[in-house]
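Student: Generate coordinates for the sequence data below:
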Amino acid sequence: MAETTKAPVMVDEKHLAFLQNPSDKDNTSTGSVTFLPALTPKEDRILTTKVDFRILPILGLLYLICFLDRTNIANAKLAGLVTGLNMPSNGYNTALWIFYIPFVLFEVPSNMIMAMSWNRPNLWLGGLTFVLGILAMCQGLAHTYHGLLGVRFLMGICETALPAGAGLLIASYYRKKELGLRFAMFFAFGDLGACFSGLLAYAIQGMDGTAGYAGWRWIFIIEGLVTIFFSIFVFIFVPNFPANDTWLNETDKANLVARLEADRGLEKKELHNVSWTKTVFDYRIWLMTLLFFCADMSAGSISSFNPTILSQLGWTSRRAQVMTIPVWIVGVIGSLIAGLGSGHWNKRWPFIQGATCLSMIGWIIHYCQVQPASVRYFAQFLIAFGTFITMPLYIGLLTANLRGRASKSFGTAVQLGIGNCANFVSSNVFITTQAPRYPVGFGTGLGITAFGLPVMFSVMFLFSRHNKRIDEKIAALAPGEELDDQVDYKYVY
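Tutor: Here you go, the predicted structure:
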């Protein structure tokens, strides 16, 4: 059988130098062109695997640590946090939502700082992880309710940079069709963090009274120490942006940059000379943020109130800690299956809409108080399965349709920052005096989740209309003319 001749890949050496140092004006002149042999499918998979093993474990574990520090307050509540600090009736809810205020205020500036050419992601993310660990540990040392609130606000400032910064790095290394699965794997680490949090809390509660500290204090102290220790690995292993880092050899780096350009065109790496008005008012960013908000309502409710809801189904607090674990595992399985499927067929919307309907069924079961309690436990699985399918697909959908580091850094920050504002809602609608029925909480969760359906249909309509216009522009091109691949390109959904 004759071997098929593959066209070579052209890499402009001056352009590669410009990518590595966009501020170097000497690199703007015409340089020599290096012809690289086109990658075979096997070589392409090998390069992707190298990227996977370098990017996903460290960033996934970083998100796991974030989720561990974010959700352990739910476990601490079951272990006696509320009575230990003599909280008011709405004190736990306040401790939840105050954590998310910095997500609105600092997410965008943080991502912009990390995207600047003088900054290194490992130093930025590693430093914030270290401080986050110290603050997480200080929760267990707080002597007053107001002291806990202050610590959690400062924790929010540190954590706001971590998921968005990790998301920006992932979006910078992968092609559009690869993003759904990679973000699903990224979120899977976070879900596993919630599993680990429940298991660890179960074990730590047995330390109640050790060294004179209550069990809930040990939950915060030990998990904070884990975060501090992990920051060492963030400093060492978090990579720089693709063209700036040195962990790949020059050939692999050139092939990686070339295939990213083939997928997205010649993206603008620097942040100056950017049309910030168009970036800030880009409807894609805000619609994707709204969709993420709708999904995050469910995620925030699960992470903050899952142990409480399960304990009110008749289990002891320690057993409820453990029974949260299968719920998260099902969410992980769902996100990975959907990530594989959406990448294989290059379609996201069937998985998104189907998963949203599953979450709605779970909320309906809770709202109607369907008995016996095992049915409501099953509802938690439906909500988790649907929610953790949609969230990574929404991030992948946004980053796949943005071009340029400025748009990606702003877009991921807005989506993961303002999108996380659903936690303000989930933190306040599960009113303690309404336990165990929580009509406001379950009704709000159902309504916000259901709102995602028409919003996604709107996105599909707008993207489809845009793609038809691109087809019309292509048909009207004169011989030799080309569209600007950073402006006139088709959207995926």
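
Student: Spatially, what comes nearest to the residue positioned nearest the centre of the chain if we skip its sequence neighbours?
Tutor: By C-alpha atoms, centre = their mean, the chain has its centre lying nearest to Pro163, at 5.5 Å. Sequence neighbours aside, Leu416 is the residue nearest to Pro163 in space, at 5.2 Å (criterion: C-beta to C-beta, 6 or more residues apart in numbering). C-betas here are computed from N, CA, C, even on glycine.

Student: Repeat that for Gln486.
Tutor: Arg403 (4.8 Å).

Student: Please apply the same query to Val82.
Tutor: Counting by C-beta to C-beta, 6+ apart, Tyr92 is the residue found nearest to Val82 once chain neighbours are left out, at 5.7 Å.

Student: follow-up on the earlier one: just the pLDDT for the residue nearest to the centre of the chain.
Tutor: Looking at Pro163, its pLDDT is 91.

Student: And for Glu270?
Tutor: On the pLDDT scale, Glu270 gets 75.

Student: Also Met207?
Tutor: Listed pLDDT for Met207 reads 84.

Student: ok, it - contacts?
Tutor: Going by C-beta atoms under 8 Å, 6 or more residues apart in numbering, Met207 touches 213, 215, 218.

Student: now Leu382
Tutor: By C-beta under 8 Å, 6+ apart, the contact set of Leu382 is 358-359, 361-362, 365.

Student: swap in Thr390?
Tutor: Neighbouring residues of Thr390 by C-beta under 8 Å, 6+ apart: 291, 295, 351-352, 355-356, 359, 452.

Student: where are the low-confidence patches of the protein?
Tutor: The chain contains residues with pLDDT under 70 at 1-36, 198, 303-305, 307, 317, 321.

Student: And the helices in the stretch 351-493 of the chain, which stretches?
Tutor: Assigned by DSSP state H, counting those that start in this stretch, the stretch 351-493 of the chain shows helices spanning 373-400, 405-417, 422-429, 439-475.

Student: And for the second one, what's in contact with it?
Tutor: Outside helix 405-417, the residues that touch it by C-beta under 8 Å, 6+ apart are 103-104, 106-108, 110-112, 114-115, 160, 163-164, 167-168, 171-172, 241, 267-271, 274, 276, 279-280, 282, 284-286, 288-289, 292, 394-395, 398-399, 402.

Student: Keep only those of these that are in helices.
Tutor: 103-104, 106-108, 110-112, 114-115, 163-164, 167-168, 171-172, 276, 279-280, 284-286, 288-289, 292, 394-395, 398-399 (DSSP state H).

Student: Drop anything exposed from these.
Tutor: Buried residues within those, counting neighbours by 16 or more other C-beta atoms under 10 Å: 103-104, 106-108, 110-112, 114-115, 163-164, 167-168, 171-172, 279, 284-285, 288-289, 292, 394-395, 398-399.

Student: Could you report the distance from the residue nearest to the centre of the chain to Gly180?
Tutor: Distance, Pro163 to Gly180, by C-beta to C-beta, to the nearest Å: 17 Å.

Student: Same question for Leu61.
Tutor: 20 Å.

Student: So between these two, which is more surrounded?
Tutor: For Leu61 versus Gly180, neighbours defined as other C-beta atoms under 10 Å are more numerous around Gly180 (31 against 18).

Student: From the contact counts, what lies against the helix or strand containing that one?
Tutor: Here Gly180, judged by DSSP states H and E, is contained in helix 176-204. Contact here means 3 or more C-beta pairs under 8 Å, 6 or more residues apart in numbering; DSSP states H and E; on that basis helix 176-204 packs against helix 41-78, helix 161-173, helix 215-237, helix 317-323, helix 325-345, helix 373-400.

Student: looking at those helices, which is closest to Asp252?
Tutor: Nearest to Asp252 among these is helix 41-78; the distance by C-beta to C-beta comes to 6.0 Å.

Student: Next secondary structure element downstream of that closest one?
Tutor: helix 81-84.

Student: Identify each buried residue in stretch 214-228, please.
Tutor: For stretch 214-228, the neighbour count (16+ other C-beta under 10 Å) marks 214-224, 226-228 as buried.

Student: May I see the contacts of Met207 organised as CSV, with distance to Thr48 added?
Tutor: Below are those laid out as CSV (distance: C-beta to C-beta, whole Å):
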residue, distance to Thr48
Tyr213, 47
Gly215, 45
Trp218, 42
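
Student: List the buried residues in the helix holding Gly180.
Tutor: Using 16+ other C-beta under 10 Å as the test for burial, helix 176-204 gives 176-198, 200-202, 204.

Student: go on, stretch 320-335?
Tutor: Within stretch 320-335, judged by 16+ other C-beta under 10 Å, the buried ones are 320-325, 327-335.

Student: Straight-line length of stretch 239-252, end to end?
Tutor: For stretch 239-252, the first-to-last residue distance is 15 Å (C-alpha to C-alpha, to the nearest Å).

Student: again, but for stretch 261-281
Tutor: End-to-end distance (C-alpha to C-alpha), stretch 261-281: 25 Å.

Student: Same check on stretch 361-377?
Tutor: Start-to-end span of stretch 361-377 (C-alpha to C-alpha) is 13 Å.

Student: Residues in contact with it: which ones?
Tutor: Contact with stretch 361-377 is made by 298, 309-310, 313-314, 323, 378-383, 386, 437-439, 442-443, 445-446, 449, as judged by C-beta under 8 Å, 6+ apart.

Student: now do 10 Å
Tutor: Stretch 361-377 is contacted from outside by 297-298, 301-302, 309-310, 312-315, 323, 326-327, 378-387, 436-439, 441-450, using C-beta atoms under 10 Å, 6 or more residues apart in numbering.

Student: so how many other residues sit close to the closest residue to Val131 other than its chain neighbours?
Tutor: Counting by C-beta to C-beta, 6+ apart, Cys158 is the residue found nearest to Val131 once chain neighbours are left out, at 5.1 Å. By the criterion of other C-beta under 10 Å, Cys158 has 24 neighbours.

Student: Quick one: residues contacting Cys158.
Tutor: 66, 69, 102, 106, 110, 127-136, 227.

Student: Check the residues you listed for burial and list the buried ones.
Tutor: Counted by 16+ other C-beta under 10 Å, those give 66, 69, 102, 106, 110, 128-136, 227 as buried.

Student: ok, the residue nearest to Val82 touching Ala74?
Tutor: Yes - assessed by C-beta atoms under 10 Å, Tyr92 is found in contact with Ala74 at 9.1 Å.

Student: how about the residue nearest to Val82, secondary structure?
Tutor: Taking DSSP: H, G, I helix; E, B strand; the rest coil as the rule, one finds Tyr92 in the helix state.
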